[in-house]
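> after the sequence you'll find the predicted model.
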Amino acid sequence: MPSLKKYLFTILIIFFVCLLSYFNTLKVPFQFDGVSFIQKNKHFSGLLEKGESEAFWKEYSPTNINNRPFLNYSFTVNYFLGKDETFGYHLVNLGIHILVSIFIFLIVRKVLLFNKSGENSGIPYLTRMPLLASLVFASHPIQTQAITYIMSRSASLCTLTYLASFYCFVLGLETFKKKGSHITFKNWTALIGWGMLSLILIRLGLGIKLIIASIPMVMFSFLILQYNPQKDFKDIFNENKPLFSIVLTFFFGWVLFQFIFVPGGPFGVFAINDFGLEIYGRGGYFLSQIKWLSFYYLNKWFFPINLNLDPDVSPVFSVWNLDLFASLLIIFLIFWFVLKQNRLLIFSFCWFLFCLAPESSFIPLLDLVSEHRLYLPGIGLTMLVAMLIAKRSLFAVQILLILLLAVNTSLRNTDWFSETTLWRDAVNKSPNKSRPFSNLARALILENNLQGGLKNYQKAILLDSTYYEPHHNLGNLYISMGNCKKGIESHLTALLYKPELAESLLSIGTCYRKQGKYKEATNILKKAIEADPNLADTYKELGTVYYFHLKDPQSAKFFFQQAIRIDPANPDNAMINNILSSYQN
């Protein structure tokens with residue numbers, strides 16, 4: 001057992017490598033949905049600035065798993081301490097990454113203790129290999145999206161609860177492995193205690209991100225492959241029937257029940273429907289994941305260059321696809337290789353496959369691939385590689401690898417310094433995909449580069465004219481530039497692809513008011529209310545038309561009151577209240 005001093009030195013090394021890799025991220029601003037979700041989150045501001053707790057706890061109740069309550073509690077604490085200052089958010093993300101890296105060291109060391117044989121039984125190896133695994137993970141560039149992008153805290157925080165739960169599970173098993181047949185009441189108490197703590201951590205993870213759904217498979221594979229690697233599973237089961245009976249019936253039964261029935265059933269996590277279901281279907285999504293498992297995830301992990309926030313990957317809808325067969329062959333060859341080695345390598349590759357499964361199998365998500373999805377599965381690849389190169393003779397190679405990974409990570413972080421640099425990078429790497437151009441346009445407009453925004457929206461539409469969002473945003477841009485005619489044309493095009501888009505209806509109604517077409521304005525604004533009855537700006541616009549132009553104060557009063565009811569924190573409410581007060585007088 002390493003001394004406390006040695007553990008502290010190991011932790012300091014991990015801390016230093018994490019800091020070296022991510023020191024330049026602490027001032028990175030909010031990116032895209034982080035702006036709307038955190039900076040403009042009325043539940044955060046309502047709770048912390050106005051004491052409006054009822055709406056907050058209704059939205060983020062601990063039982064409302066689909067809204068990721070425990071993740072949002074962490075954001076709430078950040079908001080309370082620093083509001084819009086991103087330093088605190090990044091500091092928490094970095095702290096989570098450090099803790100995850102430390103847990104990797106502890107878990108890999110425990111797994112090695114279950115595998116004591118030959119060189120693996122030596123104390124130097126029990127420190128060197130886990131530390132190498134931890135440092136490769138800590139410095140790997142593929143983690144940048146999960147750490148530097150504030151909203152990807154869901155991946156890192158859920159991974160932290162995942163590893164803590166798995167570590168407790170292993171500690172519980174360890175009491176039986178040490179005592180063998182001499183099991184005492186104290187051992188049973190320890191097993192139940194560690195097991196209950198593991199279950200609590202799994203429940204917390206469910207309230208962060210549903211990738212924790214893979215933990216029963218990982219735990220079961222550990223039981224089969226690692227509990228006693230020198231024996232067959234049948235012999236292990238016969239020698240430890242009480243232990244396995246409890247684990248298999250109570251522990252896994254409870255976990256599976258949580259996943260199948262708790263998160264919004266029927267069929268729990270498997271009933272999740274993202275936009276991907278409509279676009280790809282379950283079959284198309286699954287086939288695509290098989291292809292991109294090798295050609296994207298394995299490729300980017302082993303060769304982390306040209307990382308891209310929005311990669312241009314195509315779906316697969318037929319089993320008769322050459323890339324699909326090539327990917328299956330690669331997976332088969334890797335599995336064949338680890339089978340020829342030892343059970344630890346098998347367990348490592350199973351970790352990768354099982355942890356990738358929740359987001360890369362039968363639950364279709366909008367994006368076919370994303371770098372942050374490798375945060376948890378990549379631990380399996382980290383263990384696999386660390387075991388292969390953890391020889392003392394390769395010490396120089398190990399140091400060089402860590403330095404190269406850390407420098408590459410630090411350089412990748414510079415792409416996140418602003419939305420403009422981030423999306424310029426995505427545009428350069430995905431020149432045939434519409435969405436990066438649309439997001440670059442929005443970023444340029446925020447910097448008051450309207451012509452740059454106009455050019456990139458037009459490019460986005462040229463690449464994909466059937467998606468409503470670039471048309472809608474281009475319409476708003478034209479209106480802000482004083483060209484209502486082109487603005488209306490763009491919004492009408494957006495409505496062809498999404499007829500219930502209330503924001504486009506509102507923008508058209510606003511243009512009609514500016515053009516003096518008050519009847520047309522009221523008609524289309526009322527259609528906007530039908531499309532979205534909770535859009536306060538529509539009521540405010542209708543109130544403006546009725547009060548100032550149609551001289552109908554009674555109707556104006558009704559719509560103004562609705563606007564205040566829906567959005568009581570809107571700064572325009574002071575002007576509306578003045579109008580209502582003058583009307584009452």
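Structure received.
> in contact with A521, which residues?
If you count contacts by Cβ atoms under 8 Å, 6 or more residues apart in numbering, A521 has them with 509-510, 512-513, 541, 545. Bear in mind the C-beta positions are built from the backbone N, C-alpha and C, glycine included.
> not counting sequence-adjacent ones, nearest residue to it?
Here the nearest residue to A521 in space, its sequence neighbours aside, is Y512; by Cβ to Cβ, 6 or more residues apart in numbering that works out to 3.8 Å.
> helices of the stretch 401-550 of the chain, start to end?
419-429, 434-446, 450-463, 468-480, 484-497, 502-514, 518-531, 536-544 (DSSP state H, counting those that start in this stretch).
> okay, now the unreliable bits of the stretch 251-400 of the chain?
Scanning the stretch 251-400 of the chain for pLDDT under 70 picks out 251-274.
> which residue ranges form the helices in it?
Counting by DSSP H, counting those that start in this stretch, the helices of the stretch 251-400 of the chain are 252-261, 275-292, 299-302, 322-339, 343-356, 378-389, 395-413.
> which one, of the ones you listed, ends up nearest to G487?
Minimum separation from G487 across these (Cβ to Cβ) falls at helix 275-292, 26.7 Å.
> now do that closest one: which elements does it pack against?
Helix 275-292 makes packing contacts with helix 322-339 when contacts are defined by 3 or more Cβ pairs under 8 Å, 6 or more residues apart in numbering; DSSP states H and E.
> from the chain's centroid, how far away is the helix it packs on?
Relative to the centre of its chain, helix 322-339 is centred 27 Å away, using Cα atoms, centre = their mean, to the nearest Å.
> and what of stretch 204-212?
With Cα atoms, centre = their mean as the basis, stretch 204-212 stands 11 Å off its chain's centre.
> span of it from start to end?
Separation of the first and last residues of stretch 204-212 by Cα to Cα, to the nearest Å is 10 Å.
> just to revisit the earlier point, how about the helices of the stretch 401-550 of the chain in CSV, adding distance to G276 and mean pLDDT?
Conversion of those to CSV gives the following (distance: least, Cβ to Cβ, whole Å; pLDDT from 0 to 100):
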stretch, distance to G276, mean pLDDT
helix 419-429, 20, 96
helix 434-446, 14, 96
helix 450-463, 20, 97
helix 468-480, 17, 96
helix 484-497, 18, 96
helix 502-514, 23, 96
helix 518-531, 24, 96
helix 536-544, 30, 94
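> can I get the ones you listed in JSON lines including distance to L328?
Below are those laid out as JSON lines (distance: least, Cβ to Cβ, whole Å):
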{"stretch": "helix 419-429", "distance to L328": "27"}
{"stretch": "helix 434-446", "distance to L328": "29"}
{"stretch": "helix 450-463", "distance to L328": "31"}
{"stretch": "helix 468-480", "distance to L328": "35"}
{"stretch": "helix 484-497", "distance to L328": "36"}
{"stretch": "helix 502-514", "distance to L328": "44"}
{"stretch": "helix 518-531", "distance to L328": "45"}
{"stretch": "helix 536-544", "distance to L328": "51"}
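> how is the protein partitioned into domains?
Following automatic domain parsing, one gets these domains for the chain: 4-30+84-412, 419-539, 540-585.
> for stretch 314-329, list every residue counted as buried.
By neighbour count, and taking 16 or more other Cβ atoms under 10 Å as the criterion, the buried residues in stretch 314-329 are 315-316, 324, 327.
> over to stretch 62-70?
Taking 16+ other Cβ under 10 Å as the basis for neighbour counts, the residues of stretch 62-70 that come out buried are 64-65, 68-70.
> next one: the residue nearest to A521 from I524, what distance?
From Y512 across to I524, the span is 7 Å (Cβ to Cβ, to the nearest Å).
> wait, what's in contact with the residue nearest the centre of the chain?
Per Cα atoms, centre = their mean, the C-alpha nearest to the average position across the chain is that of S152, at 4.3 Å. Contact criterion Cβ under 8 Å, 6+ apart gives 145-146, 372, 375 as the residues in contact with S152.
> try it again with 6 Å
With contacts defined as Cβ atoms under 6 Å, 6 or more residues apart in numbering, S152 is in contact with 145-146, 372.
> most surrounded residue in the contacts of A521?
Counting neighbours by other Cβ atoms under 10 Å, G509 leads those with 26 neighbours.
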